[in-house]
Every structure is written in C-alpha cells, then in structure tokens.
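Chemist: Could you look at this predicted model? Sequence included:
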Amino acid sequence: MICSLFFAVMSCAYLMAQGDGGYHLLHEYKLGGDTGWDYLTMDAASRRLYVTRGTHVQVVNIDSGKVEGDITDLKGVHGVALDKANNKGFISDGRDNSVVVFDLKSLKQTGKVAAGTNPDAILFDPYSKRVFAFNGRSNNATAIDSKNNNVAGSIDLGGKPEFAATDGKGKIFVNLEDKSALVEIDSKELKVMDTWPLAPAEGPSGLAIDADREVLFSGCDNQKMAIVDGNTGKVITTVPIGKGVDATAFDKSVKQAYSSNGEGNITVAKEDSPTSFSVAATVPTKRGARTMTVDEKTHDLITVTADFEPAPAAVPGQPRQRPKMIPDSFVVLVYGK
C-alpha cells in the first residue's frame, strides 16, 4: 500500500514537473444543452468539429464557435467518421444498433445501415474504402462499403472494442478494453491478424497512430500510455499520463501524442525517435474533459466538458452514482500556443 502510494505520488509529481509546454486556453465556446457527449471528430480543412451529444450531433465552426448544423433524430450516438472523397459522413448510433449516413455539405441524413450491438468507435479506412463500426456489446466490428452503404462483413474481435485507428495501408487497430490488448485487422480480408497484450498497461481506451512509422499510442486506465510497434506488436515503452483517460490523438506534423484525462489535463508525449518517447508537457484543462481531438491545421488541442452537481451519496448496490450535469454548462475548449 505504501509502495503503491509512493509511486502514485511520484508519477503525479513527474507529470506536474513537465509544465504546460506553452499551451493555454485560446477559446471557450458554450454550446449549452443538457445531454452528455462522447467522441469528437475534427475536419481541419472545412474547420468543422463534429460533437456527438446523445440524440444529436452538433457541427461547430472551430474558428468562430458558431453551430453550423445539428444532425438530429438519433437515439444514442458515439462517434463520427468522414469519407470526404464521397462527401459522406457516418455516425455510430449505439442505442439504435445502426450507422447513420449523412451528406457532408447539407448535413442531411441519407441512409442507415444495421450494425452489431451498440456500435461505438467508428472510422473510415481510405485503403479499403470502408467504414468500420466497432460494436461494444457484440464484441465485433461491422465493415461497410462507403460508396454504396452495403455491409461487407463482420469481424469477431474476441473482446470489447474501444477506440480504433487505421494506418491507411491496409491495417486497422482497435483496443480491447476488457482484455488489455490491441487487435490488428486486415481491412481488405476482414480478419484478425494478431492480438497483442499491452502489459504493463491495463484497460485501454484511446488509440492513435503515427502511420508513417507504424507506431501506436494507447491510453490506458492505469495511468500509462502504451507505445506499440504496429509491425511486431511489441510494447516499445510506456509513459505516465493523468487519471481518467478516454481519448488519445497524434499530430504527425509535430510528432506528438496526446492523452486527454478526466482529472483535468492533457498529457503531451513527444516522439523523440521511433524508439524514444518522453512526456513533454501536462496541459491543465477542466475536470471531466476526457475526450479530445487535434486540429491538424493549427495544431491546437480541442476538448469538451461541463459542470456537474455534487455526486449523490452512495446507496446499497450503487457505491458510485453519477452526478447530474448542470444544464447549459457544456463547453468546447481549445488549447494552443
């Protein structure tokens, strides 16, 4: 117990010692509403940020904070994937067990595709030209041909999928939260190629990739970011991150990976070389800001959060009850240098 406390304190001190790296709050955009949120998707070229908000998706101009559109009549959304060549967007609607298709210009819904149970993470793979929805309760992935919305097949993953990433060269990777593992998928053949343990990291959620060097960054619950060789599956190293990670991102222009942590900070991990990584900064954000994306044009970090009422007292059978969100307190936060 004393040993565990010692290392926890040392880890916290190490993170704080790095400083904020020159990052500071640039913009705070109030979107309001009383619904929760999940993934963020940034389209740097159009300047649009897609924010999933339970029963709808808000589309925000990241430069002005103006809401340019709202995709409604959804049941319980998680993520958004973009196929810009075909002017199509795809939304994982977990409570509907479907993927909703929409037009990127008009933001109007144009179709719906049946997925597995509770599609959560979603991505577009430019190599296979398919959209992959990762189904959190059926432990599989649904592959959809982007051009015609036809289901190309499903892939048994062997565990509960979380975030996923593509190298754009035929490989897709997805974290298995309950197995503390990383799965490699062939996006053309639609089959699992390998499953790799992430130890000593545990409980992975966020996943990002340096596709040029085939290096993956997996944000894990035990305050570690596992950095993995995407060719061999070997854990190259781990770096300490904050508590409550959800999303992980990578900006190839500056060779940095980011972990957004619900305790109220973003860990910045610098890729010094393909085999050497270090924590370069810990950026203070706000409590609850555990999901994130990167604006690859400006290199700004984008996260969201809200204010909450005090957590209810524990009751038998429910030791941890979620506090209620304070209505109209939801904000988009943009950090940069």
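Modeler: Thanks, I have the structure now.
Chemist: Just say helix, strand or coil for residue 85.
Modeler: helix (DSSP: H, G, I helix; E, B strand; the rest coil).
Chemist: give me the number of residues near it?
Modeler: 11 (other Cβ atoms under 10 Å). In this view, the C-beta of every residue, glycine as well, is placed from N, C-alpha and C.
Chemist: Tell me the spacing between it and residue 19.
Modeler: For residue 85, the distance to residue 19 equals 41 Å [Cβ to Cβ, to the nearest Å].
Chemist: Could you do residue 27 as well?
Modeler: For residue 27 relative to residue 19 (Cβ to Cβ), the value is 22 Å.
Chemist: what's the nearest residue to residue 161 if we skip its chain neighbours?
Modeler: residue 134 (3.8 Å; Cβ to Cβ, 6 or more residues apart in numbering).
Chemist: Give me the phi and psi angles of that neighbour.
Modeler: Residue 134 adopts backbone torsions of phi -100, psi 110, taken as degrees, to the nearest 10.
Chemist: ok now do it, which residues does it touch?
Modeler: Contacts for residue 134 (Cβ atoms under 8 Å, 6 or more residues apart in numbering) come out as 92, 119-122, 141, 157, 161-162, 164, 174.
Chemist: 6 Å - rerun?
Modeler: Applying Cβ atoms under 6 Å, 6 or more residues apart in numbering, we find residue 134 in contact with 120-121, 141, 161, 164, 174.
Chemist: Could you tell me how many residues sit around residue 132?
Modeler: 30.
Chemist: all helices in the chain, in order from the N-terminus.
Modeler: 2-17 (DSSP state H).
Chemist: Any regions of it where pLDDT drops low?
Modeler: Along the chain, segments meeting pLDDT under 70 span 1-18.
Chemist: Just want the most central residue of it.
Modeler: residue 247 (3.7 Å; Cα atoms, centre = their mean).
Chemist: From the neighbour counts alone, determine which of residue 27 and residue 19 ranks first.
Modeler: Comparing residue 27 with residue 19 by neighbour count (other Cβ under 10 Å), the higher total belongs to residue 27, at 16 against 12.
Chemist: Might one say that the more buried one is in contact with residue 335?
Modeler: No. Contact between residue 27 and residue 335 fails when scored by Cβ atoms under 6 Å: they sit 8.9 Å apart.
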